[in-house]
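*Asks:* Sequence first, then the predicted structure:
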Amino acid sequence: MKIAVITDDGNTISQHFGRAQYYLVATVENGEITDHELREKLGHSQFASEPHAADIPGQPHGMDAVSHNRHMLMSEAIADCEALLCRGMGMGAYESMKTRGIRPIVTDIASIDEAVMAYVEGKIVDQVERLH
């Protein structure tokens, strides 16, 4: 099983999905982390020169088609993962990950390995109240 985590330093989970520089992909076999792979991640900085789509009135941030397409591009690097752990993300990104078939989880656990093991053990809590 492969679990993606957003990170800027390879050790801690970043606070914001769109701004994180990397994915760290942890491979888990027989209940243990057997490998870590750092992958480049598209983010807000890569899309800065493109027009920003207007939010849809009455809907959470990032729910428009342009944002969804960007989220799908951002998720290509982790298409082989079953879950994405982060400490914050927009509702649009959260929904786009589900469309890709990746289970997004917003956690307050900062340590990558601790969060991955909490996921594997079924002890992680998806804190959707942290979505923006």
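*Replies:* Alright, I've got the coordinates. Numbers count the residues shown, from 1 in each chain.

*Asks:* List the beta-bridge partners for the most centrally placed residue in the chain.
*Replies:* Taking C-alpha atoms, centre = their mean, the centroid of the chain lies closest to residue 84, which sits 4.5 Å from it. Per DSSP bridges, the residues bridged to residue 84 are residue 4, residue 104.

*Asks:* so who does it touch?
*Replies:* Residues near residue 84 by C-beta atoms under 8 Å, 6 or more residues apart in numbering: 3-6, 23, 75, 78, 97, 102-105. Quick note: C-beta positions are derived from backbone N, CA and C, even for glycine.

*Asks:* And the helices in the protein?
*Replies:* Ranges of helices within the chain are 65-75, 91-100, 112-120, based on DSSP state H.

*Asks:* Drop anything exposed from the contacts of residue 84.
*Replies:* Burial by neighbour count, judged by 16 or more other C-beta atoms under 10 Å, picks out 3-6, 23, 75, 78, 97, 102, 104-105 from the contacts of residue 84.

*Asks:* JSON lines for those, including distance to residue 90 and pLDDT?
*Replies:* What follows is the buried ones among the contacts of residue 84, written out as JSON lines (distance: C-beta to C-beta, whole Å; pLDDT from 0 to 100):
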{"residue": "3", "distance to residue 90": "21", "pLDDT": "98"}
{"residue": "4", "distance to residue 90": "17", "pLDDT": "98"}
{"residue": "5", "distance to residue 90": "17", "pLDDT": "98"}
{"residue": "6", "distance to residue 90": "13", "pLDDT": "97"}
{"residue": "23", "distance to residue 90": "17", "pLDDT": "98"}
{"residue": "75", "distance to residue 90": "13", "pLDDT": "95"}
{"residue": "78", "distance to residue 90": "17", "pLDDT": "98"}
{"residue": "97", "distance to residue 90": "11", "pLDDT": "96"}
{"residue": "102", "distance to residue 90": "15", "pLDDT": "98"}
{"residue": "104", "distance to residue 90": "11", "pLDDT": "98"}
{"residue": "105", "distance to residue 90": "15", "pLDDT": "98"}
